[in-house]
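Chemist: Take a look and give me a structure for this.
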Amino acid sequence: QGPADKFIPVTQKDLNDPDSADWLMLGGNMEHWNYSRLDQINRRNIGGLQLVWARQLPTTGGRAGTSPLIHNGIMYLISPNDAILAVDARTGSRIWEYRRSLPAIGNGPGEIHHRYSGAKRGLALYGDKIFTVTSDNAVVALDARTGKVAWEASRGSDGYVANTSGPIIANDILIAGGSCQNAPFGCYVTGHNITTGKELWRNEVIPHPDGPGDETWRAIPFENRWCTGVWGQIVYDPVQSLVHYGSSGICPASDFQRGVAGKNATLAGTDTRWAVRPATGEIVWRRQLLPQDNWDQECTFEMMLVDTPMRPNPGAEGMLAANLNVSESRVRALVGMPCKNPVFWALEAQTGKFFYARETFRGAQNLYKSIDPVTGLATMNQDVVYDRPNKRILYCTSHSG
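Modeler: Numbers count the residues shown, from 1 in each chain. Just a heads-up that it's a prediction; the model follows:
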């Protein structure tokens with residue numbers, strides 16, 4: 001018998017409290033700690049590790065950035081251009097392989113559908129299925145034992161939307177973000193029926209005309225509100241039944257190119273953290289961490305959920321703002337949430353209440369002028385806003401992060 005013959009379906013209880021021998025999701029646990037409780041390998045013996053097996057990923061054509069899933073001796077990996085591989089984790093022997101036929105776009109033969117299709121970070125595992133969001137914007141469920149397609153559902157066939165971090169499972173709902181860096185529109189997050197793939201809800205990140213936050217766009221036509229997406233990690237908090245995600249910036253990046261120089265356009269929906277109900281997509285709270293993004297800062301990077309004492313210290317190294325009205329012996333906090341700049345945030349997970357914002361070391365960036373210590377609202381440094389032709393700006397960190 002091989003590992004596939006001994007496959008045990010994964011339950012929501014397993015996801016909420018994973019077996020330490022498994023790695024069931026991107027981030028390792030629901031709180032997204034990226035930490036293993038296993039202790040056989042430690043600082044004393046790690047220098048003695050040796051290669052046991054290696055194998056080539058099944059496809060090329062892009063960067064490989066996958067975090068493997070492991071369950072009951074089976075390792076699942078996703079390769080550039082949407083090839084998924086199941087192997088025996090002990091030997092590296094292939095159990096099954098799935099390859100998606102992607103439409104060719106561009107002048108070359110067999111070009112990938114979207115330039116971000118190579119960078120796939122993860123998959124989702126639940127029940128007896130493996131789930132992915134493909135480069136041509138479909139949600140696909142595969143039989144975890146065989147790799148055969150169980151169902152697939154398109155999220156749109158315009159050719160611009162993909163996904164890089166993979167979906168998550170939130171209380172029997174499949175949640176997927178979107179990469180829209182090349183799209184002439186803003187992106188979205190969707191919730192799907194886990195059995196059929198049917199779309200249950202869709203949350204767009206950019207406000208429509210006359211919608212909440214539209215006034216912050218200073219009359220920029222809706223058709224010119226481009227590329228803001230949710231390509232980073234999505235985290236589900238089973239304690240409060242909230243899904244957390246973050247959005248990226250806007251194209252083009254500068255106030256001058258967008259025609260809003262001097263208008264302090266804070267661009268609702270961009271560089272924002274969201275908390276929503278998984279069953280309905282209802283927005284419980286949202287908080288913009290970086291308004292007026294002129295630097296492609298993309299506030300969609302990793303976050304973690306922690307239960308911790310919370311007494312913000314304004315005198316701590318690198319502290320930009322600390323809420324002195326907070327003194328709790330234990331709170332459920334959402335922490336991390338950096339943009340491309342090295343600022344660490346802490347918010348109350350249930351409400352989005354501001355706790356503190358802190359540089360990783362003092363003077364590590366020059367984009368923020370100030371952050372209100374009570375509200376957490378940020379004011380950007382206008383000296384580094386590109387608001388006129390030939391203006392020379394020196395800013396940190398760059399669009400490369």
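Chemist: And the next helix or strand past whichever strand or helix holds Val306?
Modeler: Val306 is part of strand 303-310, with elements assigned from DSSP states H and E. Once the chain leaves strand 303-310, the next helix or strand it forms, by DSSP H and E, is strand 319-322.
Chemist: what helices or strands is the strand holding Val306 leaning on?
Modeler: Secondary-structure packing of strand 303-310 (3 or more CB pairs under 8 Å, 6 or more residues apart in numbering; DSSP states H and E): strand 235-237, strand 242-246, strand 328-336. Just so you know, the C-beta spots here come from the backbone N, C-alpha and C atoms, and that holds for glycine as well.
Chemist: Out of the helices and strands in this protein, which is least certain?
Modeler: Here the helix or strand of the chain ranked lowest by mean pLDDT, DSSP states H and E is helix 255-258, holding a mean of 90.
Chemist: Mind listing what's buried along that helix?
Modeler: Residues 255-256, 258 are the ones in helix 255-258 that count as buried (16 or more other CB atoms under 10 Å).
Chemist: just to revisit the earlier point, can you list the strands that the strand holding Val306 pairs with?
Modeler: strand 328-336 (antiparallel) (DSSP bridges).
Chemist: tell me the average confidence for the helix or strand following the partner strand?
Modeler: The helix or strand immediately downstream of strand 328-336 is strand 343-348, counting by DSSP H and E. Across strand 343-348, pLDDT averages out at 97.
Chemist: Can you tell me what sits against strand 343-348?
Modeler: 273, 287, 289, 310, 312, 320, 331-338, 353-360, 364-365, 368, 376 (CB atoms under 8 Å, 6 or more residues apart in numbering).
Chemist: Between strand 328-336 and that strand, find me the angle.
Modeler: 130 degrees (axes from the mean of the first three to the mean of the last three CA atoms, to 10 degrees).
Chemist: which residues in the stretch 1-150 of the chain form strands?
Modeler: Assigned by DSSP state E, counting those that start in this stretch, the strands in the stretch 1-150 of the chain fall at 69-71, 74-79, 83-88, 94-99, 124-126, 129-133, 138-143, 149-154.
Chemist: packing partners for the fifth one?
Modeler: Using 3+ CB pairs under 8 Å, 6+ apart as the contact criterion, the neighbours of strand 124-126 among helices and strands are strand 129-133, strand 168-170.
Chemist: Could you list the buried residues of it?
Modeler: 124-126.
Chemist: Identify the residues contacting the closest residue in space to Ile393 that isn't next to it in sequence.
Modeler: Among residues not flanking Ile393 along the chain, Val384 sits closest, at 4.7 Å (CB to CB, 6 or more residues apart in numbering). The contact partners of Val384, by CB under 8 Å, 6+ apart, come to 294-295, 366-367, 393-395.
Chemist: which among these end up buried?
Modeler: 294-295, 367, 395.
Chemist: For Lys148, give its distance to Gly159.
Modeler: Lys148 is 27 Å from Gly159, where distance means CB to CB, to the nearest Å.
Chemist: These two: which has the busier surroundings?
Modeler: Taking neighbours as other CB atoms under 10 Å, Lys148 and Gly159 compare with Gly159 leading, 14 against 9.
Chemist: residues in contact with the strand holding Val306?
Modeler: Under CB under 8 Å, 6+ apart, the answer for strand 303-310 is 30-33, 233, 235, 237, 239, 244, 246, 273, 326-337, 346, 349, 355.
Chemist: For the stretch 51-200 of the chain, give me the ranges with low pLDDT.
Modeler: Within the stretch 51-200 of the chain, the segments meeting pLDDT under 70 span 60-62, 104-118.
Chemist: Tell me how many other residues surround Arg155.
Modeler: Arg155, neighbours per other CB under 10 Å, totals 22.
Chemist: mind listing what it touches?
Modeler: Arg155 touches 133, 137-139, 161, 176, 178, 190, 199, counting by CB under 8 Å, 6+ apart.
Chemist: re earlier: what about burial for the contacts of strand 343-348, which qualify?
Modeler: Among the contacts of strand 343-348, those scoring as buried are 273, 287, 289, 310, 312, 320, 331-338, 353-359, 365, 368, 376 (criterion: 16+ other CB under 10 Å).
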